[in-house]
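Undergrad: predicted model follows, preceded by the sequence.
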Amino acid sequence: MNLPSERVREEFSKSLNDKTGFITVAVLTDRQIGREYKFTQNEVEIITSTREATISINAFGKNSLALIGKLNTLFYSSFFIQSLKGKNLSLVSVSPIRNLTLGVGGASEERANLDVVMSYNNRVEVSQNEIKKTDDIFIRKNR
């Protein structure tokens, strides 16, 4: 699903609402769910962290509930799943759609929301050079 860039805004954007529907996206949480350490023969330490991020997607304006519903359906399309694989992401879960429409003044403002949980890996390689020479070290014991 391709949306015009002017209709997708950062969650905390200072853009004014121009009374046209738009979507905001924000990372709510990002937590580590596991890690692994490897040491190679080439004196390299490889640290891998498996993480999960909860991403909140909000729609505002006319037909926002329908838009979030369509987006929810597209999360399960083979195109979307393949796109995630290409970015080393995986879809863990999608929350129920929430209708957040509320009355503002004499009218109502349509709002809808859902959260998506994605998992991914961070991998860092750090050089661990062998100590080849040290100065003599004396250890003094306290009596």
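TA: On my side now, so go ahead.

Undergrad: how near is residue 40 to residue 80?
TA: Distance from residue 40 to residue 80, counting by C-beta to C-beta, to the nearest Å: 36 Å. C-beta here means a position set from N, CA and C on the backbone, and glycine is covered the same way.

Undergrad: between these two, which one's more packed in?
TA: The residue with more neighbours, out of residue 40 and residue 80, is residue 80; 15 against 10, by other C-beta atoms under 10 Å.

Undergrad: wasn't the more buried one part of a helix?
TA: Yes - counting by DSSP: H, G, I helix; E, B strand; the rest coil, residue 80 is located in a helix.

Undergrad: pretty sure it is touching residue 74, no?
TA: Yes - taking C-beta atoms under 8 Å as the definition, residue 80 is a contact partner of residue 74 at 5.7 Å.

Undergrad: mind checking the SS state of the residue nearest the centre of the chain?
TA: Geometric centre of the chain, nearest residue: residue 53, 4.1 Å, by C-alpha atoms, centre = their mean. Of the three states, residue 53 takes strand under three-state DSSP.
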